[in-house]
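Undergrad: coords below, sequence missing:
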């Protein structure tokens, strides 16, 4: 396994976000981190990408502690797409994708044919080639997200980490992006790790699911074994029923009641009326 | 910064590159023409032929003497000051990710100002060469304080800007204190504070030249890494950019550049703020494209401002810094108004 976190403690300033967290990213698979807000999934992803230094424990990339590698070396092996994306002003899609070659170029060197080919490929494979001269800030949400993913692809890494790549997109664009990532995994054998909010999308697209709760890993495995009524109750605090997806056969979570009503019902059954 | 983005319409890279070349050449020619015009205008107006004779060394009369001794150093200084302020302002805007950033936001101008005022007012007998040295030290020192105060396991653009404003305000208070405390030399201090090129000799030019000649190319060398910083800290780091180190180095280089210019020419306002803005609107936000254009715009602004400063009511002299403010402030207000509209979306 190329990328793993070994017993890491993660904290922002004084605030501890994760304790003794170990995540082994399976190579060549799509892995999804799920968990309620504040469970530390984005933080864990940032630590895996060397954006956050663990207070103890270590993240290991290709057998070496990731903090012993330079920022540039890491960038040549894994790409990360943060949740909040800022496009520089008046920049075209092609310019944006060229940023993906940043870790491979020194300041004065002109782009090599390798750089050009990789950028072309990234534009093609994400379907961004025909909008290459458009301004990024004038694109639709889906087009823009594809351009950002093209940037990550242009880095030419086999490991791609994405923090909630579907947020702010409507449902059609969400599926568009997830299908693209699934294709990249299947056809290019890319290892994909992403944070998703929708457990059903996680079930549909992940081969491996990590469930985080309050900064610890509570379960992991294929969605069929991980997505259960008990997990939904314990981790997300909701009552639900797990069905089989009518087409894919993957688990499909149908929420029954929100947190409040589940608690109220529990209280009622605990003290039955006389 | 994105709020002020001016959506230049989509263009293919080839068309864009051609436009950039065309604009740069045009600006350069405009600067050269303005240089010539500026040489013509002093306490009296010289004919183009006189100026031409003077700068080719063919003239030996008194007017040639005036042009070479008094006009030429100022005109050359205008180039350096304009280029230096514009490039350093552009880099600061990028690193602090605030389109309103300029040398005076980050504490440099006021720090240099305070140091200079202390020298001019509290130690009026100190030798003249001391002033630029002390002003430079004051600018760099003020930035050092800002950076350290903003540092908490790394800096953020917002923290740098906020601390910079606070330190600037403190220095401003210090300046006012010294102005009130030592009223005798106030006028000479005020001339420096408002930025005047009056009475500058070739010595000032040689003093600033190395800074501009070294730091501007160095900052251009960093242009693609500055582009990467514009993507936000996380993505920039994900792309292999050592964010904090790059931010520290480029800020330090631009602070050195601004301090050197302010030390030599006084606190000249709005060039460092406005020139990069105009440049980005013209050629887009890539640093390697807009920094040189910004430099030329800065030089042009300075040449115009200094010509007006000399030629408006001769033989009286207005500080060029006042002229740049009078030209720059309305443009700045216009920018704010536009930002307000764009920010509403």
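TA: It's in. This structure is a prediction, so every number in the text was calculated from the model and none was measured.

Undergrad: Could I get the buried residue list for the helix ranked longest in chain A?
TA: The residue-count maximum for a helix in chain A (DSSP state H) belongs to helix A:171-188. Using 16 or more other CB atoms under 10 Å in any protein chain shown as the test for burial, helix A:171-188 gives A:173, A:174, A:175, A:176, A:177, A:178, A:180, A:181, A:182, A:184, A:185. From N, CA and C alone the C-beta is placed, and that goes for glycine too.

Undergrad: Report the mean per-residue pLDDT for the next helix-or-strand element following that helix.
TA: As assigned by DSSP states H and E, the chain's next helix or strand after helix A:171-188 is strand A:191-195. Strand A:191-195 comes out with an average pLDDT of 96.

Undergrad: Kindly report the same for stretch B:186-205.
TA: 78.

Undergrad: what does stretch A:60-72 give?
TA: Here the average pLDDT along stretch A:60-72 is 92.

Undergrad: So which of the buried residues of helix A:171-188 reach chain B?
TA: Near chain B, judged by CB under 8 Å from any CB of the partner chain, there are no entries from the buried residues of helix A:171-188.

Undergrad: how about stretch B:81-96: buried residues?
TA: Those would be B:81-96, for stretch B:81-96 by 16+ other CB under 10 Å.

Undergrad: One more: stretch A:90-109?
TA: A:90-104.

Undergrad: just stretch A:231-242 next, same as before
TA: A:231, A:232, A:235, A:236, A:238, A:239, A:240, A:242.

Undergrad: same thing with stretch B:250-265?
TA: Buried residues in stretch B:250-265, counted by 16+ other CB under 10 Å: B:250-251, B:253-265.

Undergrad: What of stretch A:245-255?
TA: Buried residues in stretch A:245-255, defined by neighbour count with 16+ other CB under 10 Å: A:250, A:251, A:252, A:253.

Undergrad: Give me the spatial nearest neighbour of the first one, chain neighbours excluded.
TA: Leaving aside its sequence neighbours, residue A:250 sits nearest to residue A:203 (CB to CB, 6 or more residues apart in numbering or on different chains; 4.7 Å).

Undergrad: so the residue in the stretch 151-300 of chain B positioned nearest to chain A, which of the three states?
TA: Chain A sits closest to residue B:240 of the stretch 151-300 of chain B, with a gap of 3.0 Å, by CB to the nearest CB. At residue B:240 the chain is in coil, as set by DSSP: H, G, I helix; E, B strand; the rest coil.

Undergrad: close to chain A, is the strand or helix carrying residue B:228?
TA: Assigned by DSSP H and E, residue B:228 belongs to helix B:223-229. Yes - residues of helix B:223-229 contacting chain A under CB under 8 Å from any CB: B:224, B:225, B:227, B:228.

Undergrad: Least confident of the buried residues of stretch B:81-96?
TA: Least confident entry in those, by pLDDT: residue B:96, with 83.

Undergrad: Check whether that one really touches residue B:105, as I assumed.
TA: Yes - because the distance of 7.2 Å satisfies CB atoms under 8 Å, residue B:96 is recorded as touching residue B:105.

Undergrad: Need the overlap of contacts for those two.
TA: Counting by CB atoms under 8 Å, 6 or more residues apart in numbering or on different chains, the shared contacts of residue B:96 and residue B:105 are B:161, B:164.
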